[in-house]
Each structure stands twice: as C-alpha cells, then as structure tokens.
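Asker: pasting a predicted model and its sequence here:
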4 protein chains.
Amino acid sequence: MTNRIKYPFFVFNPKSYLYGEELLILAKRADELALKYPECSILVTVPYTDISAVKDATKNIIVTAQHMDGIEPGRGMGHVLPESIYHAGARAVFLNHAEKPLTLAALAQSMKKAKAMGIKTIVCADSIDEARAIAVMGADVILCEPTELIGTGKTSDDSYVQQTNQAIKAIDKTILVMQAAGISTAADVYHTIKLGADGTGCTSGITNADSPIDMLTDMVEALMKAFKERGQKK
Amino acid sequence: MTNRIKYPFFVFNPKSYLYGEELLILAKRADELALKYPECSILVTVPYTDISAVKDATKNIIVTAQHMDGIEPGRGMGHVLPESIYHAGARAVFLNHAEKPLTLAALAQSMKKAKAMGIKTIVCADSIDEARAIAVMGADVILCEPTELIGTGKTSDDSYVQQTNQAIKAIDKTILVMQAAGISTAADVYHTIKLGADGTGCTSGITNADSPIDMLTDMVEALMKAFKERGQKK
Amino acid sequence: MTNRIKYPFFVFNPKSYLYGEELLILAKRADELALKYPECSILVTVPYTDISAVKDATKNIIVTAQHMDGIEPGRGMGHVLPESIYHAGARAVFLNHAEKPLTLAALAQSMKKAKAMGIKTIVCADSIDEARAIAVMGADVILCEPTELIGTGKTSDDSYVQQTNQAIKAIDKTILVMQAAGISTAADVYHTIKLGADGTGCTSGITNADSPIDMLTDMVEALMKAFKERGQKK
Amino acid sequence: MTNRIKYPFFVFNPKSYLYGEELLILAKRADELALKYPECSILVTVPYTDISAVKDATKNIIVTAQHMDGIEPGRGMGHVLPESIYHAGARAVFLNHAEKPLTLAALAQSMKKAKAMGIKTIVCADSIDEARAIAVMGADVILCEPTELIGTGKTSDDSYVQQTNQAIKAIDKTILVMQAAGISTAADVYHTIKLGADGTGCTSGITNADSPIDMLTDMVEALMKAFKERGQKK
C-alpha cells in the first residue's frame, strides 16, 4: 500500500494510553474500517515498541510513530532513529506535538529526514504564526491546536478553522489541515469535517469510551458522512 | 533615539566573554563609532545584568539582549522577562541562537511579545528552511548560520549569501539579512558586506584580539567602506 | 556584609512579577527589616537585569539571582554567566526551581561553580529522593516542594516537614531546609517555622497582597516570633 | 530468567548504529555468549522498535532500553512509556546518558517507576558528585563517564576507577559500578575489569570493527578472563 494521506483522514492517536494487546485490537478494528472506506485514510499512532506488531497485524491503516529525531544511524542514545521506525513499519510520524515540543532546528532536521525517507509528517502548530512557519517548511499535514484561542470560546468554530485553513493553503494548497482540539464524540468529528477540515482525530474520547471499538467506528463513520455531505469541495 | 535597525549594521556580540568594566569600555567605543557613522546601526549584545549600565553609558548604539522569554509578568522563575530587559534599556534581542535554541512555540511567543513591546528581533537560522520559517513569522533581522554548509567549503561564499538573501527577501523584503559565520577580521567584514549582506557581526574576533578596541573600530570602518563601494544597491 | 545564610531566614521571591521601581521599593523594605532583625537572613530574588540596582540600594539583604548556568566566561549566548551576576551583586542563587528545571549534569556544574565563587545555593527538590541527592552534592539550602504529597492532603504537615528535615540533616546537618509550599499569609509563615523549617518564603502572597509592603513586614515578623517561641537551637 | 545483574557484566550498547537484522544477528551472538558464561550478565541495548524482536530471539541476555520516561499510561505523546518497553521485553534501562540527559526531577521519577516495575537501572554520571547523587537515589548500576577527567590523561586509570568505586560503594555497596569510557578493544575490557570495575561495555568498538561478531566475542572473553584472574570476591 501507499502511504499517501488521502482526505478526509482520521487519526486514532492513543498516545501512551495503550500498548500491547489492547492497542492491537483497536488497530485491527481501524484496519477493517480503512478497508471498508478506501476513500479515506486512517492513521493509528502507536508507541515505538508496538510499531512492528501493529504493522504485522494490519494492511490498510498508516502506522504512525509519535515522534522521531532527525538523526542518522550512529550515536543518539535514547533517541528515535528514523530508520528504526521505518524498518518496523511506520510510514508517518507526528512532530512537534505540544507534549513533545521541538526546537526549530530539530523540527527542520526531522522534517528533512522524513521527506528523504518517504515518511509523511503530521506537524503540530500552537498558533497561526507557527502553522505558517511549518507550511513553508513543507509538512504533509498540519495539526492546528488553537492554543491562542483557548479560553476565548472560539475553539473549533468556523472562523478559526477557516483562518488556519486559509493561512496554510495560501502558502501551500497541497498541505492537509487537521483540526482535532477537543474532539470527544462522533458529533464533534462530524462537525469538524463539515467545517472544512481535511482530517481530524481523537485520543481519550476513544480510549476512555465505554466501548472504544464502537466509538472508533462511530467516529470514522461520522467522518465519512460529513465528508460526503460536504460534497467533497475543498 | 529610535531602535530602527538601519543597514548596513554591525553587531558586536561578546556573548559571555565580557561583563562589567571591560564590556563597558568596548560598548562606549561602539557608541562613538555609532555617532561617527550615523548611516549605519551598531548593536551591542550584553549579559542581562549589564543592560542598564551599558544603556546608561551610551546614546547611539542599540543595546541588545542575548535572549528573552515570551512570558508576561508573573511566574517564570529564572526566565528572562521582556519587561525587565526593556525597562533596563534593551531595544533589540537575539532569539534562537544555536547556543540557546528555542522550541518553535517558544520562538513564536517571544517574537510576538517583542513585536508588541517594540523590541527588534534578530532571529538565528541554521538552514534555509528555518530562515524561511522565521521570515514568515516576521523577524526584523535573520542571522543565517549556514550549518548545512559547514564542511562543504561553501560557507559565506557568493552562492550561499545570495541563496539565503533571496529566500528571505522573497518572503518579506523588509527583513534584514545578517551573515556572520566565521567573521574574524576586518577583511571578513568587508567581504561579507560586499557580497550583499545587510549586516554582520563578531564575537571572539574582537574579544580575543590584541586590541579589541582597535579591532572593533577596524571592523566598523570596513563595514562602511564596503557598503559605500557596493553603491548602496540592495 | 557576609553572605552566610543564618536561620531563620526568609526569602522574598517575586519571580517575574516585579522589576524596576516596584521591586526596588520592596527590596528596600526588606533591607530595613534585615537591619531590624539581624538574627535572621533575608534574601530577595530579582530578575538578572535588576541585580545591580537592588544591590546598590540595599545593605542588609542577600541579593539573590533566580538561576545561573555553570559556565565559564566565553561562549554561552543567552546563558547566565556566574561572574556577571556576582559582579552585579548577587551572593546567592536559586537552582533547579520547578519553573527552571536543570539536568543533573547542569545542576552539578552550577553548584560547583557557585561554591568556587562564594555564591550560596538554594536548590529546589520535588521529592525526598531528590532532596537527598541534592544534599550529597552539597547545597547550602534545600527548598522542599512536596510534589509527591500534592493532592494527598499532607502538604506542609508535621510529618512531611520532619521527614524532609531528617532526610537532609541525616546526610549533612549544616544544610538549611526551606519549606515554602503554599505560603500565603503571615500565619502560614509562623506555622511553618514552628514546625521546624529553617526558613520559608513567599511570592504571590506578597506581590498580590493589598499592601505588599505590609505583608512582607508581617511575614518577617511572624518568622521571628515563631522562631523565638520555638526556642530551640538546632 | 531473572533480570538480576551479576558481576562481571558486559553491555553491548549499539545506540542508534544498528536496528533490524544486523542488530538481531549480534544480539543472538550475545545470547550464545551469555549461555556459555552464566557467571556474568550480558546486556544488549536496542532501539525501542527492536525490543520485542530481540526479546523473542534471545533467552539469556538482558534486553535493555536506551531510555524511558517516568510516566504512567495516559498522555505523553512521543514519550517512552515504561509499561510499553516492559511488555515488549526490556528488563533494564539506561537513564541520563550524556546523549539523553535528564532533569533531576525526571531522573528521580524514571528511577522510581523502574523500581516499581522491576526494571533495572543503569544510570550515567558525568562526575563524582553526580555519581554520589545517583547512588543515594538507588540506581542498580552507575556508569561513570569521567567528563571531569577528559583531557587530563587520567581517564580510566587506577585512581579514577578507585575513586568512583569508593564514592559509590561508600554510599551503597550493592550498587554495581560500570566503567566504559573509551573502551575500543578486548584489551581495554580486560584492563578495566582488572582495575576493579564490576562491568564495562562498548559501542563503536564493536559496530565499527571489521567483524563485530568476533569483537563482541573477544570482549566478553576478555571480561571473563580478567575477572577470573582478579580472583576477588567483593
């Protein structure tokens, strides 16, 4: 399979909530959904240790690392070697997440390395200024976490989504925009895609649900429904 | 005086080599040079502790902090409060130096805060990708440290200077470009300005010179000579 | 004056809440209190930029930096050179505050440098394990911030103070123990000293008080009162 | 098998030099050596992604992670969840390596978590002060990298090894001391163990050898030979 990220796309991002069997079960469900809805892409982020097991058990999702360092084989004790995650099966990677912020220099190096290796990048931005900086550096996906709007009551509203979409697409219209702040229900997924996001995703809304498998399913279905209703206009 | 940075400009950047009296003597000499050559700007970076003393003893230079954090008055134990450096007399600040690298989020916050306070930013870039990212975020000056050219024999040659100049000015032609890698003699200053840099600067080439005062003087004079010969074309 | 820290001691720690004139007024009040109560030590932490002004305006307090890096004069752009804070007048320094955490290696270097220069160290510990590690490295004062007790309802109670006191004094009985979690009133100061702390301190309880000057005064008086009542030499 | 670390012990630490098949071949050789010499322990550090594959292919070595974060399952995007490396098969972990330095607070948390999970800790120290701090926090192994002796010609000499051994064992005689600075030949291994180290290890001396498999074998044999000749119970 290719690792091209189609839109709409959904990221199931269990962070450090899951590992081992529990993660595998959900990754397999995500894989079935990706088979059922080939128009969209489904990415599943996994701990480094679980990349190969999830890759071996799936065919249709894009197995995604939670971070990588822009290093070459050699030193780098404790760092995440890009070759090692690629070899294990990762074909996309998150970078600069608020829980793993990178210096500008490290981000540039990781993005350059990812491009050279054919690993897609989902790069996180705290503000519109950062989103624009990341866009000129050439991310594949930009995840907009509207820190600057927190507390203003504007999180995820039309204007924020439109503003970030415009800011990013004005620089490079091939970059996909992900909006995922505060997504906790299938209705949130539906709403976000209707607003024009290329993709969205969820962490604790799924892992803490009564039935994570059902919630994951509902969210992917909401994604597809919203996208079809939106008329595939971009 | 205004803190508008004119071009050409020269940055005397003694880092942590100097403090107290020794620094003050050189700052005063820089001040005389800035008075003598009003067409250019001279910036002197100083340790946080020395900002007020240098400001009090000078009139014509732009007293420059080596870093600041993008915080508001409040918590931030051990951080560098923008209001405190402004109150002490700093009107420009270096950000993201290779010896003080910032996360993208912290850099964006510091730049935003500097803009709000009227503090000019000199932001350091390790690569062309970073220079472009910094340009879209709106730096006043971008210092290009060509890490990606180190060891390639291309440091500071025509093509590198032109490439970074073009990359930055294509995004925002009002941003000034500083080239300062490996400047250790007045001839280096002359050469760099002739190549088209808006400004340059020096650290150990001055602090370790037999006569730092003479070297500083020679460098500023070389800057002016090169700029006049260049015909002020940009 | 000497910079020996006597007990009891009080640290007025305005962090980045204050700078310039407002800070100077309170530092002068602290200085009067230190003159009035020569049995205790009063430390005032100030932004780097304000060290020399506060030092010039006071005689009896120990002017204290909020952090320093364990570097020698030379490179270190944006770092806090120990020589520069000493020259400006600082005679004590906080290290490893939760808002400015240090790697173990950096902490060891800063402590070694402080010792060599005659700068007293107030080193912060999040847990008893850390307090013990810092004690073997030879801090002058250890500030115990009981992160591990947060939410347990045991913060600042007898058992915590006794436990940290014992753990530290068992390693080195000359190290002074500071307990300052949650101090917001003069009664808190009184209580903490009665419990056996060598010193305490306050930030927003003073800076946000209706009258910061009165609150500072009340707290220092509470410190003296409790210490006298405690009537115990240690 | 138990994960108790016996002495002498040898750490094959390929850092980010190896992953996948190449790593697996050497790990299997290490496993054969561990079977052949049951008196010693052999630890092999591997990238996070390779822990499960190396664990599945071996029985006698202690599979070791290059780092872990002291977090609980939950958030922690991009962090290394202890549960995830344990589940994959790691039973020991390096912490605070010079290439992955930790804040004192993070180190304390990771050590506490490792202890709770039964993961052995090999904690790196740059100086004797740090080694003592780490000893009071309760490491299983302390790796002494004599940064403070670099350039003094004293690296790995009798006096340094004795000094660090004494400093650590004086605090806790059950802690194992690893000396590994500059080990590049089997003769270095032999010499270091003869000097009294409990264990040693190697990175590029093995990965860059003409025959990594032979070098690994030679080093483990040198370790055993030196230990037997040393004939000393400790």
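Answerer: Yep, it's here.
Asker: so what does the lowest-mean-pLDDT helix or strand in chain A touch, helix or strand wise?
Answerer: Between all helices and strands in chain A, the lowest mean by mean pLDDT, DSSP states H and E belongs to helix A:158-171, at a mean of 89. With contacts defined as 3 or more CB pairs under 8 Å, 6 or more residues apart in numbering or on different chains; DSSP states H and E, helix A:158-171 has these neighbours: helix A:128-137, strand A:141-144, strand A:176-179. All C-beta atoms are positioned from the backbone trio N, CA, C, and that covers glycine.
Asker: and it, C-alpha only, in CSV?
Answerer: The C-alpha trace of helix A:158-171 is given here as CSV (Å, rounded to 0.1, in the frame of the first residue of the first chain):
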residue,chain,number,x,y,z
ASP,A,158,-16.0,28.4,11.8
SER,A,159,-13.7,31.3,11.9
TYR,A,160,-10.8,29.5,13.5
VAL,A,161,-11.0,26.6,11.1
GLN,A,162,-11.3,29.0,8.1
GLN,A,163,-8.5,31.2,9.3
THR,A,164,-6.0,28.3,9.7
ASN,A,165,-7.1,26.6,6.5
GLN,A,166,-6.6,29.9,4.6
ALA,A,167,-3.3,30.7,6.2
ILE,A,168,-1.9,27.2,5.4
LYS,A,169,-3.4,26.7,2.0
ALA,A,170,-2.3,30.2,0.9
ILE,A,171,1.3,29.0,1.4
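Asker: what residues does that helix touch?
Answerer: A:125, A:128, A:131-132, A:135-136, A:142, A:144, A:146, A:149, A:154, A:175, A:177, A:179, A:192, A:195-197, B:136 (CB atoms under 8 Å, 6 or more residues apart in numbering or on different chains).
Asker: on that earlier part again, quick one, which of the helices and strands packed on helix A:158-171 is packed in tightest?
Answerer: Most buried of the helices and strands packed on helix A:158-171, by mean neighbour count (mean count of other CB atoms under 10 Å in any protein chain shown): strand A:141-144, with a mean of 27.
Asker: what comes into contact with that strand?
Answerer: By CB under 8 Å, 6+ apart, strand A:141-144 touches A:5, A:9, A:94, A:97, A:120-125, A:131, A:134-135, A:160, A:164, A:168, A:175-181, A:198-199, A:201.
Asker: buried residues in the longest helix along chain A?
Answerer: Counting by DSSP state H, the longest helix found in chain A is helix A:212-230. By neighbour count with 16 or more other CB atoms under 10 Å in any protein chain shown, helix A:212-230 contains the buried residues A:212, A:215-224, A:226-227.
Asker: also near chain C: which of these, exactly?
Answerer: For chain C, no contacts are drawn from the buried residues of helix A:212-230 by CB under 8 Å from any CB of the partner chain.
Asker: in TSV, list those along with distance to C:D188.
Answerer: What follows is the buried residues of helix A:212-230, written out as TSV (distance: CB to CB, whole Å):
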residue	distance to C:D188
A:P212	45
A:M215	46
A:L216	49
A:T217	53
A:D218	51
A:M219	48
A:V220	53
A:E221	55
A:A222	52
A:L223	53
A:M224	58
A:A226	54
A:F227	57
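Asker: for chain A, which residues score under the pLDDT cut-off?
Answerer: Where chain A drops to pLDDT under 70, the residues are A:1, A:147-156, A:232-234.
Asker: the same query, at a cut-off of 50, please.
Answerer: By pLDDT under 50, the weakly predicted segments of chain A are A:151, A:153-155, A:234.
Asker: please enumerate the strands of it.
Answerer: A:9-12, A:41-46, A:62-65, A:92-95, A:120-125, A:141-144, A:176-179, A:199-202 (DSSP state E).
Asker: what parts of chain A come near chain D?
Answerer: So chain A meets chain D at A:13, A:15-20, A:45, A:47-53, A:66-67, A:71, A:73-81, A:83-85, A:87-88, A:94, A:97-100, A:203 (CB under 8 Å from any CB).
Asker: by contact count, what packs against the longest helix of chain A?
Answerer: With contacts taken as 3+ CB pairs under 8 Å, 6+ apart, helix A:212-230 sits against strand A:9-12, helix A:20-36, helix A:186-194, strand A:199-202, helix A:204-207.
Asker: run through who's touching the second one.
Answerer: By CB under 8 Å, 6+ apart, the surrounding residues in contact with helix A:20-36 are A:12, A:14, A:18, A:40-42, A:44, A:46-47, A:50, A:53-54, A:57-61, A:63, A:206, A:212-213, A:216-217, A:220, D:84, D:87.
Asker: of those residues, buried ones?
Answerer: The neighbour count (16+ other CB under 10 Å) marks A:12, A:14, A:18, A:40-42, A:44, A:46-47, A:50, A:53-54, A:57-58, A:60-61, A:63, A:206, A:212, A:216-217, A:220, D:84, D:87 as buried among those.
Asker: quick one, what contacts A:L216?
Answerer: Residues near A:L216 by CB under 8 Å, 6+ apart: A:F12, A:L26, A:R29, A:A30, A:L33, A:I206.
Asker: most widely separated two among the residues you listed?
Answerer: Distance extremes for the contacts of A:L216: the farthest pair is A:L33 and A:I206 at 12.2 Å, using CB to CB.
Asker: just the CA trace of stretch A:129-137, in CSV.
Answerer: Only the C-alpha atoms of stretch A:129-137 are listed here, as CSV (Å, rounded to 0.1, in the frame of the first residue of the first chain):
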residue,chain,number,x,y,z
ASP,A,129,2.2,32.0,13.1
GLU,A,130,3.6,28.6,13.8
ALA,A,131,1.2,27.0,11.2
ARG,A,132,2.6,29.3,8.6
ALA,A,133,6.2,28.6,9.5
ILE,A,134,5.5,24.9,9.3
ALA,A,135,3.8,25.3,6.0
VAL,A,136,6.8,26.9,4.4
MET,A,137,9.0,24.1,5.7
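Asker: and it, how far from the chain's centre?
Answerer: Counting by CA atoms, centre = their mean, to the nearest Å, stretch A:129-137 is centred 17 Å from the centre of its parent chain.
Asker: can that stretch be found next to chain B?
Answerer: Yes - against chain B, stretch A:129-137 shows contacts by CB under 8 Å from any CB at A:D129, A:E130, A:R132, A:A133, A:I134, A:A135, A:V136, A:M137.
Asker: need the residue closest to the centroid of chain A.
Answerer: For chain A, the residue nearest the mean C-alpha position is A:V11 (4.7 Å; CA atoms, centre = their mean).
Asker: quick one: residues contacting the nearest residue to A:R132 once chain neighbours are set aside.
Answerer: In space, and not counting its chain neighbours, A:R132 is closest to B:V136: 4.7 Å by CB to CB, 6 or more residues apart in numbering or on different chains. The contact partners of B:V136, by CB under 8 Å, 6+ apart, come to A:D129, A:R132, A:A133, A:A135, A:V136, A:I171, B:I171, B:D172.
Asker: okay if I get the helices and strands packed on helix A:158-171 as TSV plus distance to A:K113?
Answerer: Shown next, in TSV, are the helices and strands packed on helix A:158-171 (distance: least, CB to CB, whole Å):
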stretch	distance to A:K113
helix A:128-137	13
strand A:141-144	17
strand A:176-179	20
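Asker: one step back: among the residues of chain A next to chain D, name the ones in helices.
Answerer: A:G20, A:I51, A:S52, A:A53, A:E83, A:S84, A:I85, A:H87, A:A88.
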